[in-house]
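[1] next input, structure requested:
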Amino acid sequence: MAVAVWDHVTIDPDELEFDAGDNIEVLEMTSKDWWRGRLPASTQLGWFPAAFVKVNSIVLPSFCCNMYLC
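    Model (predicted):
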């Protein structure tokens, strides 16, 4: 989970638009610059600049924990 530090306004339909203070569920962190996520209170899903958010917590899927942390 992350919280937006700045507003992200976009006209690209593949990007996630949000306001500063919004909570964002981070779904992909495959790039250091752009992450994929969604707003928990809506179905809106898209890419956003990683630098625009502060990560509060990272939840790993159980298969990652089983493979790398055991």
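[2] now do the helices in this structure.
    62-68 (DSSP state H).
[3] let's check: the centremost residue of the protein is which one?
    The centroid of the chain falls nearest to residue 26 when counting by CA atoms, centre = their mean (2.9 Å).
[4] identify the bridge partners of that one.
    Counting by DSSP bridges, residue 26 forms beta bridges with residue 37.
[5] I'd say it and residue 37 touch.
    Yes. Between residue 26 and residue 37 there is a contact under CB atoms under 8 Å: 4.7 Å. Where you see a C-beta, it was placed from the backbone N, CA and C, and this is true even at glycine.
[6] shared neighbours of these two, which are they?
    Listed as contacting both residue 26 and residue 37 by CB atoms under 8 Å, 6 or more residues apart in numbering are residue 2.
[7] so what's the residue nearest to the centre of the chain up against?
    1, 2, 35, 36, 37, 53, 55, 58.
[8] for it, give its distance to residue 8.
    14 Å (CB to CB, to the nearest Å).
[9] now do residue 43
    For residue 43, the distance to residue 8 - CB to CB - is 17 Å.
[10] between these two, which one's more packed in?
    Higher neighbour count among residue 43 and residue 8: residue 8, with 20 against 6, using other CB atoms under 10 Å.
[11] fine, thanks again, bye for now.
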